[in-house]
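Undergrad: What follows is a protein structure lacking sequence information:
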């Protein structure tokens, strides 16, 4: 069976960026920027994005493009006889499934909130009542099941239409709308009375705050955010590498994707901080920011229902673009490994993904007594820890070592593949850095993720 190809370079860039752009960009990035001293953190984040994220992304793309296979088969295709690099493919595949076990649920929350905002359910509610609505949603397994099934079914249906007609076509439309909506929301937020203070908090470097938190902690947090924002290590990028031609260098493409991902994260801060400061509300961490604080802000804004609806359309698109990209990886793997047709792989994975998503749904209600990471934790926290702290960093380290050591594919092969086409080339001089320094940084990140949690 001939391998499918993406219809355009723009499709590849938007699909890959869509995979990288997720809900973490929106609710995590602005919060930690404020927590770690504003503009100074942004500078460190950009440094580590270039120093760590982009090189590993070129490696994942190179393995995908050279092998023309999904994650498990790609290592098997490129490794030498007797080598075991393909075992990392199974870890990466597990990462794709575990990520979708909770991401489909959280995307369902976004969809439900879009519906609630559109139908005016938040109108006239105060902060406590908004918090009650959020808790009411989590306590209701039926609502969570329905929205999760809608998300899974829609994603699988689009994948079943084919790479170009389904995944690529829809992602292009969704990403263009996402970028348009986020800019409109940012302009509105920055023009709110009192929003200027929020911009100062967000953008002005505050060395004092950085010292208060700890300089090493700030550097580690910037490294962490820069690396994990790109969804590297589970073959979600490699799959799109396997669908593209060799007309452009992979460093050029990786930089384009990193810029788009950073743009969305950065502009999210331009929405959240001015709005929070304009209404004198603390920009809290995590889900409460999105599901309690922001609906409360929209209630106080002129035409807040419209702005709130737009915001949750944007959030649904941000979540769904990642889901579509990872579903494509999962479906493609079934096709590569078991020689299933696309339709058969979609059908089997539709059932599997719904069943696998149920523990996360029930973790907030029926199974809320299960607290795997200590008091107050949920099944979602365990699944998130497994992906973010174990599978993504270890998978990324495997891609890195495979591409730079003589025990794997080797630096020369990687460089040759990455440098095919027009654009930025990977210089020979980077070899020492990616072979000896970058692995140490990644190992530090892995250990820090385990010790600090």
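TA: Yep, it's here. The structure presented is a predicted model; accordingly, all values stated were derived computationally and were not measured.

Undergrad: What is the neighbour count of residue 242?
TA: Residues contacting residue 242 under the criterion other C-beta atoms under 10 Å number 28. Yep, even glycine has a C-beta here, placed from its N, CA and C like the rest.

Undergrad: Once you drop chain neighbours, what's closest to it?
TA: With sequence-adjacent residues excluded and distances taken as C-beta to C-beta, 6 or more residues apart in numbering, residue 242 is closest to residue 64, at 4.1 Å.

Undergrad: In this structure that neighbour contacts residue 232, no?
TA: No. If you go by C-beta atoms under 8 Å, residue 64 and residue 232 don't touch, sitting 12.0 Å apart.

Undergrad: Name the residues contacting each of these two.
TA: Taking C-beta atoms under 8 Å, 6 or more residues apart in numbering as the contact criterion, no residue touches both residue 64 and residue 232.

Undergrad: what's the spacing between residue 198 and residue 349?
TA: Distance from residue 198 to residue 349, counting by C-beta to C-beta, to the nearest Å: 42 Å.

Undergrad: Over to residue 301?
TA: Taking C-beta to C-beta, one finds residue 301 at 41 Å from residue 349.

Undergrad: Looking at these two, which is more packed in?
TA: Between residue 301 and residue 349, counted using other C-beta under 10 Å, residue 349 has the larger neighbour count: 24 against 17.

Undergrad: wait, doesn't that one sit right on residue 333?
TA: No. Taking contacts as C-beta under 8 Å, residue 349 lies outside contact range of residue 333: 9.2 Å.

Undergrad: how near is the closest residue in space to residue 23 that isn't next to it in sequence to residue 154?
TA: Counting by C-beta to C-beta, 6+ apart, residue 23 lies nearest to residue 319, which is 5.2 Å off, once chain neighbours are set aside. Using C-beta to C-beta, one gets 12 Å for the distance from residue 319 to residue 154.

Undergrad: So between those two, which is more surrounded?
TA: Shown here are residue 319 and residue 154; by other C-beta under 10 Å, residue 319 has more neighbours (24 against 17).

Undergrad: Give me the phi and psi for that one.
TA: The phi/psi pair for residue 319 (degrees, to the nearest 10) reads phi -70, psi -40.

Undergrad: so residue 274 touches residue 193, yeah?
TA: No. Checked against C-beta under 8 Å, the pair residue 274 and residue 193 is beyond contact range at 9.8 Å.

Undergrad: Tell me which of the two has more neighbours.
TA: Just comparing residue 274 and residue 193: by other C-beta under 10 Å the higher neighbour count belongs to residue 274, 26 against 8.

Undergrad: buried set for the one helix or strand that one maps to?
TA: Assigned by DSSP states H and E, residue 274 belongs to helix 250-278. Residues 250-258, 260-278 are the ones in helix 250-278 that count as buried (16 or more other C-beta atoms under 10 Å).

Undergrad: what mean pLDDT does it have?
TA: The average pLDDT within helix 250-278 is 93.

Undergrad: Which strands or helices does that helix pack on?
TA: helix 9-20, helix 23-27, helix 29-35, helix 54-67, helix 169-190, helix 195-203, helix 294-300, helix 411-418 (3 or more C-beta pairs under 8 Å, 6 or more residues apart in numbering; DSSP states H and E).

Undergrad: Can you say which helix or strand has residue 96 in it?
TA: Using DSSP H and E, the element containing residue 96 is helix 87-118.

Undergrad: orientation of that helix relative to helix 54-67 in degrees?
TA: 110 degrees (axes from the mean of the first three to the mean of the last three C-alpha atoms, to 10 degrees).

Undergrad: any idea how far residue 298 lies from residue 308?
TA: Residue 298 is 4 Å from residue 308, where distance means C-beta to C-beta.

Undergrad: overlap in contacts of these two?
TA: Jointly contacting residue 298 and residue 308 under the rule C-beta under 8 Å, 6+ apart are 117, 122.

Undergrad: and the helix or strand of the chain with the lowest mean pLDDT, what does it pack onto?
TA: Using mean pLDDT, DSSP states H and E, the weakest-scoring helix or strand in the chain turns out to be helix 287-288, at a mean of 76. The contact analysis (3+ C-beta pairs under 8 Å, 6+ apart) places helix 287-288 against helix 127-138.

Undergrad: Residue 125 should be in a helix, yeah?
TA: No. Assigned with DSSP: H, G, I helix; E, B strand; the rest coil, residue 125 falls outside any helix and is coil.

Undergrad: what's the neighbour count on it?
TA: Residue 125, neighbours per other C-beta under 10 Å, totals 15.

Undergrad: One more: the one 5 residues further on?
TA: Other residues near residue 130 come to 21 when the count uses other C-beta under 10 Å.

Undergrad: show me the contacts for it.
TA: When contacts are counted by C-beta under 8 Å, 6+ apart, residue 130 touches 122, 292, 295-296, 299.

Undergrad: how near is it to residue 299?
TA: 8 Å.

Undergrad: any residues in contact with both of those two?
TA: What both residue 130 and residue 299 touch, as defined by C-beta under 8 Å, 6+ apart, is the set residue 122.

Undergrad: Can you give me the neighbour number for residue 422?
TA: If you count neighbours by other C-beta under 10 Å, residue 422 ends up with 9.

Undergrad: Please tell me how far it sits from residue 54.
TA: From residue 422 to residue 54 the distance is 18 Å (C-beta to C-beta).

Undergrad: Over to residue 12?
TA: Distance from residue 12 to residue 54, counting by C-beta to C-beta: 16 Å.

Undergrad: Kindly report the same for residue 234.
TA: Residue 234 is 17 Å from residue 54, where distance means C-beta to C-beta.
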